[in-house]
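K.L.:
build me a model:
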Amino acid sequence: MTALATLDALVARLGRPLDDEAETALAEAALDDASDLVRHYGLPWTPENCPPIVRRVVLRAAERIVRNPENARMEMEGSYQISLPASLPVSGELTDEEQSIVEKAAGFNDLVSVRITRSDAPCRPTTVYVDPEGPGEPIPFFDPDDVIGGAE
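P.N.:
Predicted coordinates for the structure are as follows:
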């Protein structure tokens, strides 16, 4: 299927032109992958009916891939060092927040229905007997017919 966001929109987010054919191919693949992910969590959107918030999620995920294709958390060169916090996503996978945005845009929510079935067996309790302390017959401890509004 077609990517839900354009290459031009991704380049605008990057704030710079793509370096070469290899980076352009990477960017196009990233847009395709991110689009597949949002369709997986949402609906089979097309570029024409894709909600703007979903397109934004596609661009964010694709941008992470283009900016950091190796999924590196730390980079060091000479005295220069940069490290990304563990909480910051580095891959093209959707974050929990992004997944939630896509699901809400699709009309999904946390409400679910559970089918409940009833057994054909009667649910009427039976009489329970207890043994007395000493000689004698068992004493009825609970008789369903004694319950207020019990069986008639």
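K.L.:
how about the helices in this structure?
P.N.:
In the chain, the helices defined using DSSP state H lie at 7-14, 21-41, 52-67, 96-105.
K.L.:
next, the buried residues of the last one.
P.N.:
Right, helix 96-105. 98-99, 101-103, 105 (16 or more other C-beta atoms under 10 Å). All C-beta atoms are positioned from the backbone trio N, CA, C, and that covers glycine.
K.L.:
report the inter-axis angle for it versus helix 21-41.
P.N.:
Angle, helix 96-105 to helix 21-41, by axes from the mean of the first three to the mean of the last three C-alpha atoms, to 10 degrees: 60 degrees.
K.L.:
now do helix 96-105: everything it contacts.
P.N.:
By C-beta atoms under 8 Å, 6 or more residues apart in numbering, the surrounding residues in contact with helix 96-105 are 38, 41-42, 51, 53-54, 57, 60-61, 94, 109.
K.L.:
in CSV, list the buried residues of helix 96-105 along with distance to Pro47.
P.N.:
As requested, the buried residues of helix 96-105 are arranged in CSV below (distance: C-beta to C-beta, whole Å):
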residue, distance to Pro47
Glu98, 19
Gln99, 21
Ile101, 18
Val102, 16
Glu103, 20
Ala105, 15
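K.L.:
can you tell me which of these is closest to Gly134?
P.N.:
Glu103 (66.6 Å; C-beta to C-beta).
K.L.:
circling back: tell me the most buried of the helices of the chain?
P.N.:
helix 52-67 (a mean of 20; mean count of other C-beta atoms under 10 Å).
K.L.:
check the offset of it from the chain's centre.
P.N.:
Computed by C-alpha atoms, centre = their mean, to the nearest Å, the chain-centroid distance of helix 52-67 equals 17 Å.
K.L.:
try stretch 33-48
P.N.:
That offset, for stretch 33-48, works out to 14 Å (C-alpha atoms, centre = their mean).
K.L.:
how about stretch 70-79?
P.N.:
31 Å.
K.L.:
that stretch spans what distance, first to last residue?
P.N.:
End-to-end distance for stretch 70-79: 21 Å, by C-alpha to C-alpha, to the nearest Å.
K.L.:
what about the most centrally placed residue in the chain, distance to Thr126?
P.N.:
The chain has Gln99 as the residue nearest its centroid, 5.4 Å off, counting by C-alpha atoms, centre = their mean. Distance of Gln99 to Thr126, given as C-beta to C-beta, to the nearest Å: 51 Å.
K.L.:
many thanks, have a good one.
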